[in-house]
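Q: Could you work out the structure for the sequence below:
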Amino acid sequence: MQNIRAEILLPTDELRDDIPFFTKTLGMRMDEIFPADDPSEAVFSGHGVRLRVRKGADTAPGVLRILADDPVLIAGGATELTAPNGTRVEIAALAPPVQTPKVEHAFVVRRLAENAPWVVGRAGMEYRDLIPGRLGGSIIASHIRIPEGGPVPDMVHYHSVGFQLIFCYRGWVDLVYEDQGAPFRLYAGNCVIQPPEIRHRVLHSGDNLEVIEIGVPAEHVTTIDHAMPLPNGRVDPERLWDGQRFVHHKADEAAWSGFRVPGFTARDTTINANTGGVAGVQVVRADGDRSPWHRHDSDILFSFVMTGSLRLEGEGQPAQHLEAGDAFVVPPGMKVRYADPTEDFEMLEVSLPGVFETNVES
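A: Below is the predicted model of the structure:
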């Protein structure tokens, strides 16, 4: 078997000054040094990297980033250092806590008819942004589609998020999740949440798959896990990831009950209960009664029209006729009315937090 290894070349003016920095300050191991009588080149390894420091090398000193569970245990707690050879060293947390920016509240309407661009993203999927501006980076809502079905070129991965929802809008898709057993098919009307850092993979899709994906915060890291196979041979439906359970909500098993706004009914996805109140997700239908003006105090309230249409009336805003594929965000405290929904009207509503108050005008 052929041995292959990679290393990074760094320059130096005087090697003897760099040796104690890389070995003692950074805790690396010196593997090679030569020539013996007047050393001008040495190799150091540690923290998952191999460095060759060569006197007079025609290259930039570069930046070395060291990531650790507890950065203060390296280099005496320093987080920024400069080696004698000029290499800048940054020491940071391996998995920094997820930081969600403060919500920048806004009334947002995004229409499918506006022909917002579909952008090719991860694994060849096509994305359409449903919240331009993303409320200050606090949330991303994406309309994702895969026009042609078949195997999806995905890998086992996870997301560093506070909350993430996958709602199957049209078609079907085969998924597999850590500790949740065999792969399963997610059908239109059903949804899953992906708790923080749960390993998962998209396997296959039918033609014309469309899903709505919600992620908090808007910018979050996706990490490929090359070591874990899925399924992983363990089933633990009660496992918690940062206080959240995996949820696979099935529409045909759900019960309909009263919605927070008169004139509508809803089916609860149990996501509020299984995230400890982080978020709530409901599917909403009209029940034929006139809907009143109302206000809410949720930090984020996102809605996506799946079928039918309605007229969205907002205080200080022109009335908006919304149809399937349109999305909107109503900020807290704004008075709105969901008027004249059609009989086939159905809407996805996502709130953060999961429980909030709605004040209805009599």
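Q: residue ranges for the strands of the stretch 151-300 of the chain, please.
A: Assigned by DSSP state E, counting those that start in this stretch, the stretch 151-300 of the chain shows strands spanning 157-159, 163-170, 172-177, 184-187, 191-193, 200-205, 209-216, 222-224, 247-249, 256-258, 264-268, 280-286, 294-296, 300-307.
Q: how far away is Met334 from Gly56?
A: Taking Cβ to Cβ, to the nearest Å as the measure, Met334 falls 66 Å from Gly56. Where C-beta positions appear, they are placed from N, C-alpha and C, glycine not excepted.
Q: what about these two, which has more around it?
A: Met334 (18 against 9; other Cβ atoms under 10 Å).
Q: Report pLDDT for the more buried one.
A: Met334 carries a pLDDT score of 98 in this model.
Q: Surely it is in a helix?
A: No: applying DSSP: H, G, I helix; E, B strand; the rest coil, one finds Met334 to be coil, outside a helix.
Q: I figured it hits Gly314, correct?
A: Yes: Met334 is within contact range of Gly314, at 6.1 Å (criterion: Cβ atoms under 8 Å).
Q: overlap in contacts of those two?
A: Phe107 (Cβ atoms under 8 Å, 6 or more residues apart in numbering).
Q: follow-up on the earlier one: among the strands of the stretch 151-300 of the chain, which is nearest Gly27?
A: Proximity to Gly27 (Cβ to Cβ) singles out strand 222-224 among the strands of the stretch 151-300 of the chain, at 24.8 Å.
Q: List the neighbouring strands of that closest one plus their orientation.
A: strand 157-159 (antiparallel) (DSSP bridges).
Q: ok, residues contacting the strand it pairs with?
A: If you take Cβ under 8 Å, 6+ apart as the criterion, strand 157-159 is touched by 194, 196-201, 215, 220-225.
Q: Repeat the analysis, applying 6 Å as the threshold.
A: The set of residues external to strand 157-159 that reach it, using Cβ atoms under 6 Å, 6 or more residues apart in numbering, is Glu197, Arg199, His220, Thr222, Thr223, Ile224.
Q: mind checking pLDDT for the last one?
A: The model reports Ile224 with a pLDDT of 96.
Q: cool, and the one 10 residues further on?
A: Arg234 is assigned 95 on the pLDDT scale.
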